[in-house]
Structures are given as structure tokens and as C-alpha cells.
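Peer 1: give me a model of this one.
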Amino acid sequence: MLFLYPPNENRKATTYSIAAHTLYEEDHPTLQFYPEGILSFRKTDYFSVGERSAGIRNSIFINRPLSIKIEGSRKIGERYVSLLFCKDLKKIPNQYPVYGRNGVESEPVNENESEIGLLIKVTSNSEEVAEGLLTLWKGLFLHSGYPGRRTTAGNLGFPSSPADTTYKDKNGKYVSLVIAGTRDPFFQANFERIKEEAQRHVDLEYSILGGEGHTEIVVATKAVPIMYLETVEATKEEAFKKHQQGLKTVERFIDTGRPSLQAIYTGEVFKWGIYHVFTNTGVIRERMFPVSIYSCDGKNWKFLREVRPAYKSIGIDNVEDEIDPEKLNAVNPAEHTTGPRSIKPLVDIARIIRSKNAGINKITYDVFFNTKDDYFTALNSNLFLKNKIAEVLGIPIEQVIGTYRADECYAIKISVHRSLLSGSLGDRDVFGAQQHMKLLQLKVPLF
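Peer 2: Prediction:
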């Protein structure tokens, strides 16, 4: 049993908020996988404790053979990036990421969408100030709330990780910058308000920091597009040479009347090389994670002995029916004898429509509905079946891991395999926080 008591008197924990939090960055609403086994919320009871507190009970931990998730990457080269103001957007081949068209997703915006890019550039005599002020501004844009907000996992999509770059300009000043983008119409409609509130926050809470740097915020649009041109080669010299060739290739698209940022060295680039679940229990128990014990007297450390970790069972066994992720909580077809009587936009019945990484190789979508009736209306529509979601997202059905119901918080979870591992070259949204637009435009059949 677990109780949650918010220390902030203006906040409260509810059964809904606790249940909803179990979905965040997880690919299944009921099962969470750990080295010792699986935590199951299948029989969990969410209960209130007074007006501001809530708790959970009856969750179970299911023992499984010990396992270790191993992730690793290797260096593949050095990167140069240019951020280029462009003209004649229609003439630029789609292979180039251009904020205002296809900076957030590789597929260009359709007639019902618009995309913006956000270039934040901070200049200062101090490297620390430039980086600190950029981090502040980026965080305010990334996490600010606003009227109509549906995506709560981050307001922007970034094309690289780390997203920020710092360098010295020709005048010897430090420049820290970041570029990101979104297609979310609610963020775009509230952008000026978000910007003004961010400026007030900086002026009020960080006036000294803000006064030591100069911040420029540029918005890329269809009318004022910004191309993201990157080059990666084995060495810094090779990358620079290849990047210069790339600049010559696209120079006819560059708007020379605007101050583009060309050939910025952004550092080393890495590629995922290992993503593996290691299941040799004997090796884990007998060879991995030794504990060394020392005696310490000031700076004098004396090795005493090495001991093995003691692994103890913390859960229950023999509950195979509890751990079939494909079937457990799956959205199943509803039978109808007639066609839909009408349709309703998903945004009218859902309070949250978000996307986010669930590890480096998955993206999960969470749709939280306004009411219990809205939730069951969506389940009854058959719109959230695996085959339908594959059509909506424009991916093969094999790429859809599953679509699941979360009755405790009136939510539907959709999990898919990423087309690119997070942070790979060509990934335009490394955290997966801006992949919700296709869901945002959905119309739900009403039966």
C-alpha cells in the first residue's frame, strides 16, 4: 500500500492523477518491466484519502529470471550544422529538413497543418551565462502551459541530442543556440502569450542573468523557412569539407537578405550499437556487480574484501495469465449492426493527446478523455484498434505494438516501434514529444 501526500498545499493527489502517471513513458498501461520481474497494476485499487491525498494497493510484483538491459553507442564521426533562411520553399527538395514544412516530421505538412520552428540564440561575454540563459528560455518554451494545451510531454521537437550548441563568434563572444519545432495548433495560437510570459519570468526571477546576455528568438514559418543542414563525417576536417560542398548545393535556396548561421561545429556524433536484454542469470548472480568493501581513515582507503550481492525474491510466481502484454488491456473490436450516426473531433472529447519516447526504440501515445462517457464512446468507435491506428499513423501494422485501455483514468494508450532509434541521424524529434498531430486531427465515429 502506498499513500501520496503533496507537500505543496496548493496541489493534490487524486486517484486519476496517480493512475495517469503510470502511463507516462511506458509502453503498456498495466505492466512495467524490471530486472527482477514485472510490476502488474492489473488488480490495483486506487483510493482517495481525504481531499488532497490518494493511494494505491493490491499491485503485485511477478518474479521472473534476472535480466539486465544493456544499451551502448559508438562514435561515428563529427558534425557540422547550418541553419539557413530560405526562399522559394516549393523549389526545395523534400529531402532537406526545413522548419515551416518538414522540420518536425519527414512528411511535409498537409493543407490542414502548419509548422513552426523556434530558433533561440543567446550571446554573451560569458560562456556560462550564454548556456544558462539558453537553458532557461528553452525550458520555458518547452514546458509552459497554455489554454487548450493537449500535449503535456513537451511543447517542442528537437533534431539532435544534445540539442544545444555553444561556440565563439567572430567577435569573440559566446553564442549558445537551439532549434526546435512543432505542428501543434494550440501552441502556435498561444505562442505570443507564451513568449511574453517567459520574458516576464526571466525579467522577474533572473534579471541579473538576463542582463548579462542578449537573447534572440526567431520563428520559422512557411513564409520564413529555416533549413536544418547537417553533415557527419569521420573527422572534423572531412565533415567541414563535406559541409561546405553541401552549402554550395543549396546556395540557390538561401535568402541572402537574412542572417543565416553557417558551418557550426556541434561536436561528436554517436550511434546506438547495442540494445539488448541480457538473460544469463548465472552470470548476473555470480560475476556481475561485485561489491568492494574498504576501511577509510581520511584519505587512506584499505581494501578489505569483495562480496557478492544477495538476490532475494520480492514477488510471486506462477501467474502467466497476468503477463501477456499483447492481450492484457488490449482494445478489442466493438460489434455494430449499423453505421455511425455522426462524427466528433477527438480534441472535443480528449483533455490530453500526447506522444513520448518509451525507451530509445518505441513511441507511446496517451489519449486522456474528458469523461467516462467520452472514453467509452472512443472505445466503441473501433478507431483505436491496431489496424486502424496503423492507417492513421501511416505505418505498417507490424510496427504497432498494441493499443490498450486504461479504465482507471479514462485513457487509451498506443505504442509503436520507432522508425529510427532516438537520436539517430535523420531523427527530427529525438524525444518523440511532437508526433501526436495525426491523432490531434482525428474524427471519432459515434455509434
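Peer 1: tell me where the stretch 251-400 of the chain has helices.
Peer 2: With DSSP state H, counting those that start in this stretch as the criterion, the stretch 251-400 of the chain has helices at 281-286, 372-380, 386-393.
Peer 1: who are the packing partners of the longest one?
Peer 2: Put plainly, it is helix 372-380. If you count contacts as 3 or more CB pairs under 8 Å, 6 or more residues apart in numbering; DSSP states H and E, helix 372-380 packs onto strand 362-369, strand 411-417, strand 443-446. Where you see a C-beta, it was placed from the backbone N, CA and C, and this is true even at glycine.
Peer 1: 10 Å instead?
Peer 2: For helix 372-380, the contact count by 3 or more CB pairs under 10 Å, 6 or more residues apart in numbering; DSSP states H and E identifies strand 342-345, strand 350-357, strand 362-369, strand 400-406, strand 411-417, strand 443-446 as packing neighbours.
Peer 1: does residue 351 touch residue 151 like I think?
Peer 2: No: when contacts are counted by CB atoms under 10 Å, residue 351 is not listed as touching residue 151 (11.2 Å).
Peer 1: still on that earlier bit, pick out the shakiest of the helices of the stretch 251-400 of the chain, pLDDT-wise.
Peer 2: The stretch with the lowest average pLDDT out of those is helix 281-286, scoring a mean of 94.
Peer 1: quick one: that helix to chain centroid distance?
Peer 2: Taking CA atoms, centre = their mean, to the nearest Å, the mean C-alpha location of helix 281-286 is offset from the chain mean by 34 Å.
Peer 1: contact partners of that helix?
Peer 2: 35, 64, 65, 66, 67, 68, 278, 280, 308, 309, 310, 311 (CB atoms under 10 Å, 6 or more residues apart in numbering).
Peer 1: low-confidence stretches in this structure?
Peer 2: 320-322 (pLDDT under 70).
Peer 1: before we move on, back to that, can I get the helices of the stretch 251-400 of the chain in a markdown table with distance to residue 48 and mean neighbour count?
Peer 2: Formatted as a markdown table, the helices of the stretch 251-400 of the chain follow (distance: least, CB to CB, whole Å; neighbours: other CB atoms under 10 Å):
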| stretch | distance to residue 48 | mean neighbour count |
| --- | --- | --- |
| helix 281-286 | 41 | 12 |
| helix 372-380 | 17 | 17 |
| helix 386-393 | 33 | 17 |
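Peer 1: that older thread, winner for burial among the helices and strands packed on helix 372-380?
Peer 2: Of all these, strand 362-369 has the most neighbours on average by mean count of other CB atoms under 10 Å, namely a mean of 24.
Peer 1: and that one, what does it pack against?
Peer 2: helix 15-21, strand 350-357, helix 372-380, helix 386-393, strand 400-406, strand 411-417, helix 437-440.
Peer 1: quick one: work out the angle between that strand and strand 400-406.
Peer 2: Computed by axes from the mean of the first three to the mean of the last three CA atoms, to 10 degrees, the angle separating strand 362-369 from strand 400-406 equals 30 degrees.
Peer 1: tell me the strands beside strand 362-369, with direction?
Peer 2: Here strand 362-369 has these sheet partners by DSSP bridges: strand 350-357 (antiparallel), strand 411-417 (antiparallel).
Peer 1: how about these in TSV, adding distance to residue 291?
Peer 2: Output for the strands paired with strand 362-369, formatted as TSV (distance: least, CB to CB, whole Å):
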stretch	distance to residue 291
strand 350-357	33
strand 411-417	36
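Peer 1: out of those strands, nearest to residue 254?
Peer 2: Minimum separation from residue 254 across the strands paired with strand 362-369 (CB to CB) falls at strand 350-357, 32.6 Å.
Peer 1: and the angle for that closest one with helix 372-380?
Peer 2: Put simply, strand 350-357 runs at 50 degrees to helix 372-380, going by the same axes, to 10 degrees.
Peer 1: nearest to residue 304, of the helices and strands packed on helix 372-380?
Peer 2: Per CB to CB, nearest to residue 304 of these: strand 350-357, 42.6 Å.
Peer 1: specify the local secondary structure of the nearest residue to residue 240 once chain neighbours are set aside.
Peer 2: Sequence neighbours aside, residue 80 is the residue nearest to residue 240 in space, at 5.8 Å (criterion: CB to CB, 6 or more residues apart in numbering). Here residue 80 is recorded as strand under DSSP: H, G, I helix; E, B strand; the rest coil.
Peer 1: OK, contacts around residue 80?
Peer 2: Going by CB under 10 Å, 6+ apart, residue 80 touches 229-233, 236, 239-244, 246-247, 262-267.
Peer 1: quick one: it from residue 161, how far?
Peer 2: 17 Å (CB to CB, to the nearest Å).
Peer 1: picking that back up, pull out the buried members of the contacts of residue 80.
Peer 2: 229, 230, 231, 232, 233, 239, 240, 243, 246, 247, 264, 266 (16 or more other CB atoms under 10 Å).
Peer 1: leaving out sequence neighbours, find the closest residue to the second one.
Peer 2: This points to residue 230. Closest to residue 230 by CB to CB, 6+ apart is residue 81, at 4.8 Å.
Peer 1: for the one you found, what are its contacts?
Peer 2: By CB under 10 Å, 6+ apart, the contact list for residue 81 reads 159-160, 165, 177, 179, 228-232, 243, 261-266.
Peer 1: could you rerun that using 8 Å?
Peer 2: When contacts are counted by CB atoms under 8 Å, 6 or more residues apart in numbering, residue 81 touches 160, 165, 228, 229, 230, 231, 264, 266.
Peer 1: any idea what it is bridged to?
Peer 2: Beta bridges link residue 81 to residue 230, residue 264, judged by DSSP bridges.
Peer 1: can you spell out the domain ranges of the protein, please?
Peer 2: 1-67+289-329, 73-273, 330-447 (automatic domain parsing).
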